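Peer 1: Fold the following.
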Amino acid sequence: MQLTGSRKKKLCFVSSTLSKGGAERALSNLLCNMDRENLEITVLLLNQVVTYPVPDDVKLVDLQKRSAVYLPWCFLLLIKNLLQIKPDILISVWSFPSLLTGLALKLCRLKTSWVVRVANNPANQEDDWRKKIFYWLYQHATAYIVLCDELKDNFVDFYPYAAGKTYMIRNGFNIDVLVDKASDTSVETPANGSYLVSVGSLTQQKRYDILIEAYALLSPDKQIPLLILGDGPLRKELEQQAHGLGIADKIRFKGFVTNPYPYVSNAKAFVLNSDYEGLCNAAIEAQCLGVPAVITNCPTGNKEIVEHGVTGYLVATQSPSEMACGITALINLSENDYASMKTNATKLVGEKYRIERSVKSLNTLITDLN
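Peer 2: Sure thing, here's the model as predicted:
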């Protein structure tokens, strides 16, 4: 993308961190692959924890939110930096950064094009007292980014004034980078195809409690090890659940893993039992690496990732028995049918979520906001 004019356009992102989360990983992928020649890019981080790659020419600003106690100071630093930078375009990457960003922009009175990136269905996260706040704030945004078609429909239904200003930009992935990271031989994984893998934060949304219950329903010969990559507030509770069901020796909680891709690429299947999603990065990455998936047919996004019976299986939410049936069906596939499912995942999903497509869509949005 070539932008006219003598000065670079100032583009800012506001994110909680650049670590662990799906929205944060999506931002890192964009930063590493977008054309930055005519852009001066700054990322304002509520807390400067960075484990995902960031190009050297992207400036990072730490807003020093080390805990909730620091939130007022963080907010003041956000206002200070916005007044100093005076960004042409400001993109907040999910709901909490958007809340702070919207309030800060109201106080700053800057002529900045504010773009709200919507990572989850607002009906799942904002259908309470928060709706009044976000309804008021979001109407002051210039544009909105959503991650999939169903989420676009849901967002416009929830916030009707967003109609005509909502852009669908899928999370994009550099397939060559994924394959390269998956080939890291320093990461020791179980024998190929002899385990299940799940990647996600251990929070209520991901419903690992139901996944563990589903695993307990599998017949003993189908209880190949389950590796859970991710951390969160429910870890201790989930570990206790596995102990109580007598399957603790078969479920391995690995915590947050910097490079999960060797674990994913060598797995028999990727499994996830979310109640809702925006667009699940981990499921997309697994499919891009040729790993069939068994995931819930939840609102929103999952049905746009997995093609049922072709690249994996979609199962009902909040149903341990349905998840167990899906896992069993995948494990029982013939060698030829399983190989076809792997090929379909790489071909169909890999092409749909290439980073080049996402970058092109973002460039179009930036151009439209000129």
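
Peer 1: okay, CA-based contacts and neighbour counts for the rest of this
Peer 2: OK.

Peer 1: Pretty sure A345 sits against G290.
Peer 2: Yes - here A345 reaches G290: they are 5.2 Å apart, a contact under Cα atoms under 8 Å.

Peer 1: And the strands in this structure, which stretches?
Peer 2: Secondary structure of the chain by DSSP state E: the strands cover 9-15, 39-45, 59-62, 89-92, 113-117, 143-146, 166-168, 196-199, 226-229, 251-255, 269-272, 293-296, 312-315.

Peer 1: quick check: angle from the fifth one to strand 9-15?
Peer 2: This means strand 113-117. 40 degrees (axes from the mean of the first three to the mean of the last three Cα atoms, to 10 degrees).

Peer 1: Partner strands of strand 113-117, with direction?
Peer 2: Looking at strand 113-117 with DSSP bridges, its partner strands are strand 89-92 (parallel), strand 143-146 (parallel).

Peer 1: highest average neighbour count across the strands of the chain?
Peer 2: strand 293-296 (a mean of 29; mean count of other Cα atoms under 10 Å).

Peer 1: Quick check: mean pLDDT of that one?
Peer 2: In this model, strand 293-296 has an average pLDDT of 98.

Peer 1: number of nearby residues for T367?
Peer 2: T367 is flanked by 12 other residues according to other Cα atoms under 10 Å.

Peer 1: now it: how far from K65?
Peer 2: Look at T367 and K65: by Cα to Cα, to the nearest Å, they are 33 Å apart.

Peer 1: Could you do W114 as well?
Peer 2: Taken as Cα to Cα, the span from W114 to K65 is 22 Å.

Peer 1: Dump the strands paired with strand 113-117 to a markdown table, plus mean pLDDT and distance to V156.
Peer 2: A markdown table is the format used below for the strands paired with strand 113-117 (pLDDT from 0 to 100; distance: least, Cα to Cα, whole Å):
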| stretch | mean pLDDT | distance to V156 |
| --- | --- | --- |
| strand 89-92 | 98 | 18 |
| strand 143-146 | 96 | 10 |
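
Peer 1: for those strands, which one sits closest to N33?
Peer 2: strand 89-92 (16.8 Å; Cα to Cα).

Peer 1: so what pLDDT did V187 get?
Peer 2: Looking at V187, the pLDDT reads 89.

Peer 1: Tell me where the model's unsure across the stretch 1-150 of the chain.
Peer 2: 1-6, 125-127 (pLDDT under 70).
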